[in-house]
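Q: Okay, here's the prediction I keep looking at, along with the sequence it came from:
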Amino acid sequence: MDDHENTLLFFEDYYLNRRENLSRHLGQPQLAPEATIENPSMSLSFAYPSVFRLEDGSSICLHQAYGKDERWYALLRESNDGIYWDIPNLTSRIKLKDRVYPNQILPSEKDGEWGIWFKDERASDHAPRFRGFFVWHIGPNQLETRLLASSDGRVWRAAEGIEWQAQPLAPDPPASAFWNPVRDCYVLTVRPMNSDRRIAVVETKDWKHFSDPELALEPDALDSPCAQLYGMPVIPYGGVFVGLLWLFHPSPDERGDHKYLNGKVDCQLTFSRNGWHFQRTLRESFIANSSPGEYGAGCIYPSSIVVDRDDGIRIYSSASKVEHGILTHGAGAILLHTLRLDGFVYLQSQGGAGRLGTRPLYWQSGEARINIQAPDGQARVQVTDKDGQALPGYTFDDCNLFSGDDRFWIPRWKDGKNLSALAGKAIRLEIEMLNGRIYAIRGDFIPMVALQVKRFEQDGQAPAFRPGF
């Protein structure tokens, strides 16, 4: 994406001031069955795969597995395309006393588990680029957290003396991390403490000092009875932060203060503007449980998102045929779902044409690029002033009619008119669409809210971009 590019996504309507005959829908990630990783000799139900594209274009997948010896293993797979995976033989490169699998990267653990691994794209050439989050059960109801580091994702070492969360607040897995440019720090999404199934956030600037967890999200009255939030991997995307929220729907009959055996897990969508306070989108499953007998029928844990401008979005999950807490060997797998670029949420026209209008935008330069899908419909754009009056030559009737499927459609008007000519002005974009879907609007603009328009008109004060708002 262009460094100067802003993106309007449609998780909600805050930057719109008009939405007529357009309904909001969640995207539909599609299973890519050819990419399924399964193994009858181990359980991959809690694999928590982390997939990273490397500089040479290849990919690695880090995940955990539960062996028949009732021990947890950290494993690595390699791929040229992120779809078909090979098992490398790391025996000569990584010396392990108890090696069981050729692609094993760490000693096996009886009482420990790994979370979701993180690749730091900001790391300097001399700093570890990969981080891993480990939890060790050191005694009854006591946990110890350990931070792992690696320069290549294959050879790992423990960061001596560093706990990313200490007793009594040490959480059980999963834990995940992302870079938050709004707060200028790394953020971990974790549980507030062991077995407290809500979502908390922890921040660090140096991978040495970590804040105490702060509650970010918890179940509410719109959730299923007694639902719990199992985890939430997050990715910065298009100026917001997108979270994959795992909802645990436990067995209503289980007694005690810690529901574990049975119940299902599916995934909802969350988002945040500042990467610290999150909110839900539509209360529907983003990745739902599958049919009985299929992976995901019991639980599904989407844990890794890879964005490719050409191929769209890939979401990697661990999934089980059985319900929660049942570590049946061969009943779990690693899955891949694909999604259109920007396809988390979209607006769709109802019967007849639908229309949306943005709030005023301070247009800085260049053209708008619209992610739109209308192969059997049509769309057109007009530009208005702040009050909604169409600018001469930029009306719907002046716009070259669009019909097709384009992630980066650039609207044009008659006589060669374009948005570049309106640089430095406060404008609104209106889009009329028939029989289609719109996913995003991109461009070099700053949304204007509150008194920013008046300050600009009366005092010539151009708005400044405010990260996190």
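A: Arrived safely. Numbers count the residues shown, from 1 in each chain.
Q: okay, CA-based contacts and neighbour counts for the rest of this
A: Fine.
Q: what's the spacing between the most far-flung residue of the chain relative to its centre and residue 321?
A: The centre of the chain is farthest from one residue, residue 415, which by C-alpha atoms, centre = their mean lies 41.6 Å away. The gap separating residue 415 from residue 321 is 59 Å, by C-alpha to C-alpha, to the nearest Å.
Q: Repeat that for residue 372.
A: 36 Å.
Q: does residue 295 count as helix, strand or coil?
A: Three-state assignment for residue 295 (DSSP: H, G, I helix; E, B strand; the rest coil): coil.
Q: That one against residue 331, yeah?
A: Yes - between residue 295 and residue 331 there is a contact under C-alpha atoms under 8 Å: 7.3 Å.
Q: shared neighbours of those two, anything?
A: Common contacts of residue 295 and residue 331 (C-alpha atoms under 8 Å, 6 or more residues apart in numbering): 320, 321.
Q: Now stretch 85-96: average pLDDT?
A: For stretch 85-96, the mean per-residue pLDDT is 97.
Q: Can you get me the start-to-end distance on it?
A: In stretch 85-96, first residue to last residue: 23 Å (C-alpha to C-alpha).
Q: likewise stretch 445-461?
A: Stretch 445-461 has its terminal residues 15 Å apart, counting by C-alpha to C-alpha.
Q: model confidence over that stretch, on average?
A: 92.
Q: Bridged to residue 43, which residues?
A: Assessed by DSSP bridges, residue 43 has beta-bridge partners residue 66.
Q: That one and residue 66, how far apart?
A: 5 Å.
Q: Overlap of the contact sets of the two?
A: Common contacts of residue 43 and residue 66 (C-alpha under 8 Å, 6+ apart): residue 327.
Q: what stretches of the stretch 201-350 of the chain score poorly on pLDDT?
A: The stretch 201-350 of the chain contains residues with pLDDT under 70 at 254-257.
Q: same thing but 80
A: Along the stretch 201-350 of the chain, segments meeting pLDDT under 80 span 252-258, 309-311.
Q: centre of the chain versus stretch 385-400, how much separation?
A: The chain centre lies 36 Å from the centre of stretch 385-400; the measure is C-alpha atoms, centre = their mean, to the nearest Å.
Q: in it, what counts as buried?
A: Within stretch 385-400, the residues that qualify as buried are 386, 388, 390, 393, 394, 395, 396, 398, 399, counting by 16 or more other C-alpha atoms under 10 Å.
Q: helix, strand or coil for the fourth one?
A: When you say that, I think you mean residue 393. Under the three-state scheme (three-state DSSP), residue 393 adopts coil.
Q: Was I right to think it contacts residue 413?
A: Yes - contact status for residue 393 versus residue 413: in contact at 7.1 Å, counting by C-alpha under 8 Å.
Q: Only the buried residues of the strand ranked longest in the chain, if you could.
A: Assignment by DSSP state E gives strand 361-384 as the longest strand of the chain. Buried residues in strand 361-384, counted by 16+ other C-alpha under 10 Å: 361-374, 377-384.
Q: which residue sits closest to residue 81, ignoring its sequence neighbours?
A: With sequence-adjacent residues excluded and distances taken as C-alpha to C-alpha, 6 or more residues apart in numbering, residue 81 is closest to residue 58, at 6.4 Å.
Q: do residue 138 as well
A: residue 144 (6.5 Å).
Q: For that neighbour, give me its contacts.
A: Counting by C-alpha under 8 Å, 6+ apart, residue 144 has contacts 135, 136, 137, 138, 163, 165, 166, 167, 170.
Q: residue contacts, the residue nearest to residue 81?
A: Each residue near residue 58 by C-alpha under 8 Å, 6+ apart is listed here: 78, 79, 80, 81, 82.
Q: Then residue 343?
A: 26, 27, 28, 439.
Q: would you turn the residues you listed into TSV with secondary structure and pLDDT?
A: Formatted as TSV, the contacts of residue 343 follow (DSSP: H, G, I helix; E, B strand; the rest coil; pLDDT from 0 to 100):
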residue	secondary structure	pLDDT
26	strand	98
27	coil	97
28	coil	95
439	strand	98
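Q: Using CSV, lay out those residues together with distance to residue 405 and neighbour count.
A: What follows is the contacts of residue 343, written out as CSV (distance: C-alpha to C-alpha, whole Å; neighbours: other C-alpha atoms under 10 Å):
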residue, distance to residue 405, neighbour count
26, 18, 21
27, 16, 17
28, 17, 17
439, 11, 23
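Q: can you give me the helices for the chain?
A: 452-459 (DSSP state H).
Q: just to revisit the earlier point, state the pair within the contacts of residue 343 that is farthest apart.
A: Farthest-apart pair in the contacts of residue 343 is 28 and 439; separation 12.6 Å (C-alpha to C-alpha).
Q: contacting residues around residue 12?
A: Residue 12 makes contact with residue 281 under the criterion C-alpha under 8 Å, 6+ apart.
Q: Now do the same for it: its pLDDT.
A: Here, the pLDDT recorded for residue 12 equals 96.
Q: these two touch, right, residue 215 and residue 202?
A: No - the criterion here is C-alpha under 8 Å, and residue 215 misses it with residue 202 at 9.2 Å.
Q: Give me the nearest residue to residue 248, chain neighbours excluded.
A: residue 265 (4.4 Å).
Q: My read is that that neighbour contacts residue 298, right?
A: Yes - look at residue 265 against residue 298 with C-alpha under 8 Å: they come within range, at 6.8 Å.
Q: Quick check: neighbours shared by these two?
A: Common neighbours of residue 265 and residue 298, counting by C-alpha under 8 Å, 6+ apart, are 289, 324.
Q: if we can go back for a sec, now the longest strand of the chain against helix 452-459, angle please.
A: Inter-element angle recorded for strand 361-384 and helix 452-459: 100 degrees (by axes from the mean of the first three to the mean of the last three C-alpha atoms, to 10 degrees).
Q: what packs against strand 361-384?
A: strand 402-409, strand 425-434, strand 437-447 (3 or more C-alpha pairs under 8 Å, 6 or more residues apart in numbering; DSSP states H and E).
Q: Export those strands as CSV, with columns for distance to residue 286.
A: Shown next, in CSV, are the helices and strands packed on strand 361-384 (distance: least, C-alpha to C-alpha, whole Å):
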stretch, distance to residue 286
strand 402-409, 21
strand 425-434, 25
strand 437-447, 16
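Q: quick one: which of the ones you listed is nearest residue 344?
A: Among the helices and strands packed on strand 361-384, the nearest to residue 344 by C-alpha to C-alpha is strand 437-447 (8.1 Å).
Q: Pairing partners for that closest one, with directions?
A: strand 6-8 (antiparallel), strand 345-349 (antiparallel), strand 361-384 (antiparallel).
Q: pLDDT of the longest one, averaged?
A: In other words, strand 361-384. Averaging pLDDT along strand 361-384 yields 98.
Q: Could you export that strand as PDB, CA atoms only?
A: Provided in PDB are the C-alpha atoms of strand 361-384 (Å, rounded to 0.1, in the frame of the first residue of the first chain):
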ATOM      1  CA  LEU A 361     -12.500  14.500   3.000                       C
ATOM      2  CA  TYR A 362      -9.500  16.700   2.800                       C
ATOM      3  CA  TRP A 363      -8.200  15.500  -0.500                       C
ATOM      4  CA  GLN A 364      -4.400  15.800  -0.600                       C
ATOM      5  CA  SER A 365      -3.400  14.300  -3.900                       C
ATOM      6  CA  GLY A 366      -4.000  11.500  -6.500                       C
ATOM      7  CA  GLU A 367      -7.000   9.400  -7.300                       C
ATOM      8  CA  ALA A 368      -9.500   7.300  -5.400                       C
ATOM      9  CA  ARG A 369      -9.300   3.600  -5.700                       C
ATOM     10  CA  ILE A 370     -12.400   1.600  -4.900                       C
ATOM     11  CA  ASN A 371     -12.600  -2.100  -4.100                       C
ATOM     12  CA  ILE A 372     -15.900  -3.000  -5.800                       C
ATOM     13  CA  GLN A 373     -17.600  -6.100  -7.100                       C
ATOM     14  CA  ALA A 374     -20.400  -5.600  -9.600                       C
ATOM     15  CA  PRO A 375     -19.900  -8.000 -12.600                       C
ATOM     16  CA  ASP A 376     -23.600  -8.000 -13.400                       C
ATOM     17  CA  GLY A 377     -24.400  -4.500 -12.000                       C
ATOM     18  CA  GLN A 378     -23.000  -1.000 -12.300                       C
ATOM     19  CA  ALA A 379     -21.600   1.800 -10.200                       C
ATOM     20  CA  ARG A 380     -20.800   5.500 -10.600                       C
ATOM     21  CA  VAL A 381     -19.300   8.200  -8.400                       C
ATOM     22  CA  GLN A 382     -19.900  11.900  -7.900                       C
ATOM     23  CA  VAL A 383     -18.000  14.500  -6.000                       C
ATOM     24  CA  THR A 384     -19.800  17.100  -3.900                       C
END
